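K.L.:
Sequence and predicted structure below; questions after.
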Amino acid sequence: MLGSVAVTLAILTQYAGAWGVPYFTFRTDRGSMCKNDLTGYTCSPMTLADVEYFADVDLPDNSSVVSGTYRSTHDYQLEAIIEVPLDSANQALISLNQAFGACISELPSPLNAEIDKTCVMANDDVFSESESEEPSSRVYLIGTGVRKDGTRLIGMVIKSR
């Protein structure tokens with residue numbers, strides 16, 4: 001009897017996180033560890049696959065996530081810092097431009113690192129007073145630049161509206 005209770009508790013605690021039980025952890029299909037709370041869940045640290053999935057961008061496979069946090073409640077927020085080696089740095093910028101648009105020269109870089117060739121991409125419809133177009137479902141600020149060693153640094157902040 002005691003054995004069957006122990007087995008049942010072990011099974012329940014193993015799957016409780018995936019079922020959304022508060023304060024239990026689970027792993028996403030793409031490998032990030034997440035923890036439930038009362039209103040949603042938080043994933044940190046994040047895998048590159050999860051950053052690509054939540055940001056809806058395709059980055060080079062040799063990219064690495066330096067830090068990343070995804071918070072999901074009734075809204076979501078993604079914050080990530082990504083490094084891309086020299087041999088894929090240009091491809092990463094092309095992918096970012098395809099996903100988030102052209103660089104906006106008037107915006108300062110949100111990255112605090114010493115970088116060259118900076119590029120900042122942000123929603124241009126956030127403060128638009130035009131009612132002819134539906135505004136984007138998310139607000140984003142993407143900053144990127146190249147370090148002296150040729151590594152591309154990418155900083156992402158993406159929030160739902």
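P.N.:
Now that the structure is in, tell me what you want to look at. Numbering: from 1, shown residues only.
K.L.:
dump the residue contacts of the closest residue to R147 other than its chain neighbours.
P.N.:
With C-beta to C-beta, 6 or more residues apart in numbering as the criterion, R147 has its nearest non-adjacent residue at 5.7 Å, and that residue is I115. C-betas here are computed from N, CA, C, even on glycine. With contact taken as C-beta atoms under 8 Å, 6 or more residues apart in numbering, I115 is in contact with S109, G145, V146, R147, L153.
K.L.:
For the residue found closest to S63 once you drop the neighbours it is linked to in the chain, give the beta-bridge partners.
P.N.:
Counting by C-beta to C-beta, 6+ apart, V84 is the residue found nearest to S63 once chain neighbours are left out, at 4.6 Å. Assessed by DSSP bridges, V84 has beta-bridge partners R152.
K.L.:
what residues does the lowest-mean-pLDDT helix or strand in the chain touch?
P.N.:
In the chain, the helix or strand scored least confidently by mean pLDDT, DSSP states H and E is helix 2-15, which has a mean of 73. Applying C-beta under 8 Å, 6+ apart, the contact partners of helix 2-15 are F24.
K.L.:
And it, what's buried?
P.N.:
Residues of helix 2-15 classed as buried by neighbour count (16 or more other C-beta atoms under 10 Å): none.
K.L.:
Can I get it in PDB, CA atoms only?
P.N.:
Only the C-alpha atoms of helix 2-15 are listed here, as PDB (Å, rounded to 0.1, in the frame of the first residue of the first chain):
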ATOM      1  CA  LEU A   2       2.800   2.400   1.000                       C
ATOM      2  CA  GLY A   3       4.600   1.500  -2.300                       C
ATOM      3  CA  SER A   4       1.600   2.400  -4.400                       C
ATOM      4  CA  VAL A   5       1.200   5.700  -2.700                       C
ATOM      5  CA  ALA A   6       4.900   6.500  -3.200                       C
ATOM      6  CA  VAL A   7       4.700   5.600  -6.900                       C
ATOM      7  CA  THR A   8       1.500   7.700  -7.300                       C
ATOM      8  CA  LEU A   9       3.200  10.700  -5.600                       C
ATOM      9  CA  ALA A  10       6.300  10.300  -7.800                       C
ATOM     10  CA  ILE A  11       4.200  10.300 -10.900                       C
ATOM     11  CA  LEU A  12       2.200  13.300  -9.800                       C
ATOM     12  CA  THR A  13       5.300  15.400  -8.900                       C
ATOM     13  CA  GLN A  14       7.000  14.400 -12.200                       C
ATOM     14  CA  TYR A  15       4.100  15.800 -14.300                       C
END
